[in-house]
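Student: structural data only, the sequence is not supplied:
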């Protein structure tokens, strides 16, 4: 979608997540790195701030998949639990048009399962 992936380091788990989306999912129409606090970024409201999932993926079925990756050290904080609940609520309220996946500890298969 863009010639450069916004706000993504040249190494690490988020890069691995991006590589999985780009190279291992067959049914992707397009995907973007959802950069926080940009005017065009996708966000969900939390009780105190905005939550910007890491990646937005448009599947060939027309479904929009929001992907949030959390390393083990961040996966179980109060803030993370709230973000996960908000993402799951967004998915439920979308009438099947949107999906949300919370990925922890390099469980890339969770993305594949959500993209089905």
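Tutor: Received it, and whenever you're ready, just let me know what you need. These figures come from a predicted structure and were not determined experimentally.

Student: pLDDT below threshold where in this structure?
Tutor: Applying pLDDT under 70 to the chain flags residues 1-8, 72-75.

Student: ok, now with 80
Tutor: 1-11, 71-76 (pLDDT under 80).

Student: could you list the buried residues of the lengthiest helix in the chain?
Tutor: Ranked by number of residues, the top helix in the chain under DSSP state H is helix 78-93. Using 16 or more other C-beta atoms under 10 Å as the test for burial, helix 78-93 gives 80, 83-84, 86-87, 90-91. (Glycine included, C-beta is placed from N, CA and C.)

Student: how about stretch 34-47?
Tutor: Quick answer for stretch 34-47 (16+ other C-beta under 10 Å): 34, 41-42, 44.

Student: from start to finish, how long is it in a straight line?
Tutor: Start to finish, the residues bounding stretch 34-47 are 20 Å apart (C-alpha to C-alpha, to the nearest Å).
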